[in-house]
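Participant: Structural data only, the sequence is not supplied:
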Ligand SMILES: Nc1ncnc2c1ncn2[C@@H]1O[C@H](COP(=O)(O)OP(=O)(O)O)[C@@H](O)[C@H]1O
Ligand SMILES: Nc1ccn([C@H]2C[C@H](O)[C@@H](COP(=O)(O)OP(=O)(O)O)O2)c(=O)n1
């Protein structure tokens, strides 16, 4: 691991990690690791290569050799994701890919295969790391660890609105049920379960605006001398 600081942001689906991490990276001028994208990409690679999600050995090979580029535009702070030469930035965002990712992510050997790849994202001047186990497993030495949460109903509402805004039809009830299944799987798995690190600060964002969450995290960063 390089000697640059890491801010970890963990939490369940729809708690606002992606939004806050992207804003933090822009505000601080730091790099960004979207670790969930790696699990989603292994899932998509599995589909492309006809690998079923309980073929652990084949999934580990895919994870270890994942041919992916994260291209960040200098001005926009937007990331384009290229898997095996194909642009998949939007493709991996479906609820289906999220569910596949959650299944794959319960396999310890797959997590192991992605560990060093994630740590290699640490670079000057610092890293914002978005995921489930950033503070507990991947970057245990991080000087600032944030755990975002919100009620399952609020998170389902956010996801629903996000899909409707994208012009994708969605059922609130189905989304809520999917979120509850994914929460249970991510929190109860044997390896690297979703939970706050002992030294994490937890923010319940159910009633907080995006601006308020960002301000609270930046405040913590200032306290820690990170900005
Ligand atoms: N504090 C908040 N209040 C209201 N909406 C939010 C808040 N945080 C995030 N959102 C919205 O909720 C949706 C899911 O957020 P996202 O950052 O993708 O969550 P995660 O990465 O944790 O799954 C997005 O449409 C985002 O704009
Ligand atoms: N560090 C991580 C990141 C994601 N995962 C798994 C568990 C999640 O349900 C899936 C998808 O994660 P992702 O953060 O992309 O999903 P959301 O945007 O929170 O819906 O991947 C993980 O186990 N560990």
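Facilitator: Nice, I can see it. These numbers were taken from a predicted model, which means no experiment stands behind them. Ligands and ions are numbered 1, 2, ... in the order given.
Participant: CA atoms for contacts and neighbours, from now on please.
Facilitator: Noted.
Participant: name the helices or strands packed onto the lowest-mean-pLDDT helix or strand in the chain?
Facilitator: Every helix and strand in the chain was compared by mean pLDDT, DSSP states H and E; the lowest is strand 68-72, with a mean of 93. When contacts are defined as 3 or more Cα pairs under 8 Å, 6 or more residues apart in numbering; DSSP states H and E, strand 68-72 sits against strand 79-83.
Participant: Quick check: buried residues in the strand it packs on?
Facilitator: The neighbour-count check on strand 79-83 (16 or more other Cα atoms under 10 Å) flags 79, 81, 82, 83 as buried.
Participant: how far out from the middle of the chain is it?
Facilitator: Here strand 79-83 shows a centroid-to-chain-centroid distance of 15 Å under the convention Cα atoms, centre = their mean, to the nearest Å.
Participant: what packs against that strand?
Facilitator: strand 68-72.
Participant: quick one: the strand it packs on to strand 79-83, angle?
Facilitator: 160 degrees (axes from the mean of the first three to the mean of the last three Cα atoms, to 10 degrees).
Participant: what residues does strand 68-72 touch?
Facilitator: Strand 68-72 is contacted from outside by 78, 79, 80, 81, 82, 83, 84, 85, using Cα atoms under 8 Å, 6 or more residues apart in numbering.
Participant: near ligand 1 too, which of these?
Facilitator: Filtering those for proximity to ligand 1 by Cα under 6 Å from any ligand atom leaves nothing.
Participant: got JSON lines for those, with pLDDT and distance to ligand 2 too?
Facilitator: JSON lines is the format used below for these (pLDDT from 0 to 100; distance: Cα to the nearest ligand atom, whole Å):
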{"residue": "78", "pLDDT": "81", "distance to ligand 2": "16"}
{"residue": "79", "pLDDT": "90", "distance to ligand 2": "14"}
{"residue": "80", "pLDDT": "95", "distance to ligand 2": "15"}
{"residue": "81", "pLDDT": "97", "distance to ligand 2": "13"}
{"residue": "82", "pLDDT": "98", "distance to ligand 2": "16"}
{"residue": "83", "pLDDT": "98", "distance to ligand 2": "16"}
{"residue": "84", "pLDDT": "98", "distance to ligand 2": "19"}
{"residue": "85", "pLDDT": "97", "distance to ligand 2": "21"}
